[in-house]
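> just a sequence and a predicted model for now, questions to come.
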Number of protein chains: 2
Amino acid sequence: MPLSKAHKQRSKEKILDSANRLFADRGFNKVSIDQLMQDAGMTRGAFYAHFKSKEDLYSQTMISAATKSKIMNCDETNMAFYKTVINEYLDMSHVKQNNIPCGLAFFVTDVANEQPEVRKVYTQLFKGLVQMLTDQQSENNKDKKNKKIMAIAAMMIGGVAVSRALIDDNAIEELLESCRSIAGELVGY
Amino acid sequence: MPLSKAHKQRSKEKILDSANRLFADRGFNKVSIDQLMQDAGMTRGAFYAHFKSKEDLYSQTMISAATKSKIMNCDETNMAFYKTVINEYLDMSHVKQNNIPCGLAFFVTDVANEQPEVRKVYTQLFKGLVQMLTDQQSENNKDKKNKKIMAIAAMMIGGVAVSRALIDDNAIEELLESCRSIAGELVGY
DNA sequence: GTCTATACCTCGATAGAC
DNA sequence: GTCTATCGAGGTATAGAC
């Protein structure tokens, strides 16, 4: 038996991973705590040893996903950075995936209908994405470029979110390709 | 007492209007049929005289909203059309409004988590928006412009959807202004 | 920390009176 | 068409044993 503190942390990670997958697949409101804990290999009562409420879980799940996401850990720079981020984000495999997807796109409406605490977290994560995109830009004409960055962020999130609502795979591919193409053009490659 | 057919139609319209407002405010899953019918001035039992299930209501609500929306009834042409649509859509009053907003933005995640029938309706409405934007473009270089149109649609929907999740009004204004500015640039005014 | 058991509530949907 | 009454299912959260 490991130290109880490490044990607890591992249990919590398992819950968060399950939450990410199930929330991405069904949305916040269609996953019960019972289903979540079964998926994580525990029972319902244990949930409250880690989270004070389901709403608390929403916040922590989004934070956990953001720190693990591929896009937040891209180690390229300049144009290669933009190219990689844009192409991997606006991709069918991201849309269809429910493992650790981008919560900004997958949970956008769910968050809008939640309490301020959850929306604060979303706001922080969105600002983090914008900051990350901003960091790679060159120095000249920053004001104009900041507008482009924000518009690209909206396009990326919107492109993925809409794709997930569409039922026609051809339409999804066309939408994603359009967003990739125009986003690349805006960023200048 | 009016003809029962007209009476029924008026009741249904009231239910659909309430549904639009409440769904926009709270999301599909946080509005019960009981609350909906109370808002519409009827009781729960009457619901099933108009809709075969709650899922059926989702579809009909989105269709009803689309036909009534300002954006779908814009009677301007060419650049004036784009200017009006982009500026009115990507506006704080649209984000904060919950009267008859654009379901493509307000319900995007809710729809993604619903059954195929609802997603089919969403897909049709999205294609309708794209078609409407396409109709106003000039003839030359259509292929490139189609990509722009789809990217703009994603940016508009994403911009509004993300804005609704953010809790910081300054950030929302900055995001909306960025999207308006870049969308206008893409469309060429 | 995790388990079982349970309190208490709200949901979607149906049945039958008017 | 709309009402009231009610069913069965499933929700969050808590209490207490281990």
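Sure, I can see it.
> residue in chain A nearest to chain B?
As assessed by Cβ to the nearest Cβ, chain B sits closest to A:Gly158 within chain A, at 1.9 Å. (C-beta placed from N, C-alpha, C; glycine too.)
> from what I see, that residue and B:Ala151 are in contact.
No - under the criterion of Cβ atoms under 8 Å, A:Gly158 is not in contact with B:Ala151, lying 9.3 Å apart.
> next, see if stretch A:128-145 gets close to chain B.
No - between stretch A:128-145 and chain B, judged by Cβ under 8 Å from any Cβ of the partner chain, nothing touches; the nearest distance is 8.7 Å.
> contacting residues around that stretch?
Stretch A:128-145 is contacted by residues A:66, A:71-72, A:77-78, A:81-82, A:85, A:104, A:146, A:149-150, A:152-153 when judged by Cβ atoms under 8 Å, 6 or more residues apart in numbering or on different chains.
> give me the domain ranges for chain A.
As given by automatic domain parsing, the domain ranges for chain A are A:5-61, A:66-187.
> avg pLDDT for the shortest one?
This means domain A:5-61. The pLDDT scores in domain A:5-61 average 94.
> quick one: is that domain near chain B?
Yes - counting by Cβ under 8 Å from any Cβ, chain B has neighbours in domain A:5-61: A:Arg26, A:Gly27, A:Asn29, A:Lys30.
> isn't the second one up against B:Val108?
No - counting by Cβ under 8 Å, B:Val108 is not a contact partner of A:Gly27; they are 11.2 Å apart.
> quick one: which of these two has more around it?
Neighbour totals were compared for A:Gly27 and B:Val108, and B:Val108 leads with 30 against 21 (other Cβ atoms under 10 Å in any protein chain shown).
> contact partners for that one?
Residues in contact with B:Val108 (Cβ under 8 Å, 6+ apart) are A:Val108, A:Thr109, A:Ala161, A:Val162, A:Arg164, A:Ala165, B:Tyr122, B:Ile157, B:Ala161.
> which one of the residues you listed is nearest DNA strand D?
For those, the minimum distance to DNA strand D (Cβ to the nearest atom of the strand) is 17.4 Å, reached by A:Thr109.
> for the host helix or strand of the closest one, buried residues please.
Here A:Thr109, judged by DSSP states H and E, is contained in helix A:108-112. By 16 or more other Cβ atoms under 10 Å in any protein chain shown, the buried positions in helix A:108-112 come out as A:Val108, A:Thr109, A:Asp110, A:Val111, A:Ala112.
> could I get the residues you listed as a markdown table with pLDDT?
As requested, these are exported to a markdown table (pLDDT from 0 to 100):
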| residue | pLDDT |
| --- | --- |
| A:Val108 | 98 |
| A:Thr109 | 98 |
| A:Asp110 | 98 |
| A:Val111 | 98 |
| A:Ala112 | 98 |
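> need these in a markdown table (columns: distance to DNA strand D).
Compiled in a markdown table, those are given as follows (distance: Cβ to the nearest atom of the strand, whole Å):
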| residue | distance to DNA strand D |
| --- | --- |
| A:Val108 | 20 |
| A:Thr109 | 17 |
| A:Asp110 | 13 |
| A:Val111 | 16 |
| A:Ala112 | 18 |
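> just the CA trace of stretch A:18-35, in PDB.
Extracted as PDB, the C-alpha positions of stretch A:18-35 are listed here (Å, rounded to 0.1, in the frame of the first residue of the first chain):
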ATOM      1  CA  SER A  18     -12.800   9.600 -16.700                       C
ATOM      2  CA  ALA A  19     -14.600  12.900 -16.400                       C
ATOM      3  CA  ASN A  20     -12.800  14.300 -19.400                       C
ATOM      4  CA  ARG A  21     -13.700  11.300 -21.500                       C
ATOM      5  CA  LEU A  22     -17.300  11.100 -20.400                       C
ATOM      6  CA  PHE A  23     -18.000  14.800 -20.500                       C
ATOM      7  CA  ALA A  24     -16.500  15.100 -24.000                       C
ATOM      8  CA  ASP A  25     -18.700  12.200 -25.100                       C
ATOM      9  CA  ARG A  26     -22.000  13.300 -23.500                       C
ATOM     10  CA  GLY A  27     -21.700  16.700 -22.000                       C
ATOM     11  CA  PHE A  28     -21.700  17.900 -18.300                       C
ATOM     12  CA  ASN A  29     -25.300  17.200 -17.600                       C
ATOM     13  CA  LYS A  30     -25.600  13.700 -19.100                       C
ATOM     14  CA  VAL A  31     -22.900  12.200 -16.900                       C
ATOM     15  CA  SER A  32     -24.000  11.200 -13.400                       C
ATOM     16  CA  ILE A  33     -21.600  11.000 -10.600                       C
ATOM     17  CA  ASP A  34     -22.500   7.400 -10.300                       C
ATOM     18  CA  GLN A  35     -21.500   6.700 -13.900                       C
END
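> what about A:Cys42, distance to A:His50?
One correction, residue A:42 is Met, not Cys. Distance, A:Met42 to A:His50, by Cβ to Cβ, to the nearest Å: 10 Å.
> name the residues contacting each of these two.
In contact with both A:Met42 and A:His50: A:Ser11, A:Ile15, using Cβ under 8 Å, 6+ apart.
> count of residues packed around the residue of chain A found nearest DNA strand D?
Using Cβ to the nearest atom of the strand, the closest approach of chain A to DNA strand D is made by A:Ser32 at 3.1 Å. Neighbourhood size, A:Ser32 [other Cβ under 10 Å]: 12.
> what's the closest non-adjacent residue to the spatially most central residue of chain A?
The residue lying closest to the centre of chain A (Cα atoms, centre = their mean) is A:Cys102, at 1.8 Å. Closest residue in space to A:Cys102, ignoring its immediate chain neighbours: A:Ser69 at 6.2 Å, by Cβ to Cβ, 6 or more residues apart in numbering or on different chains.
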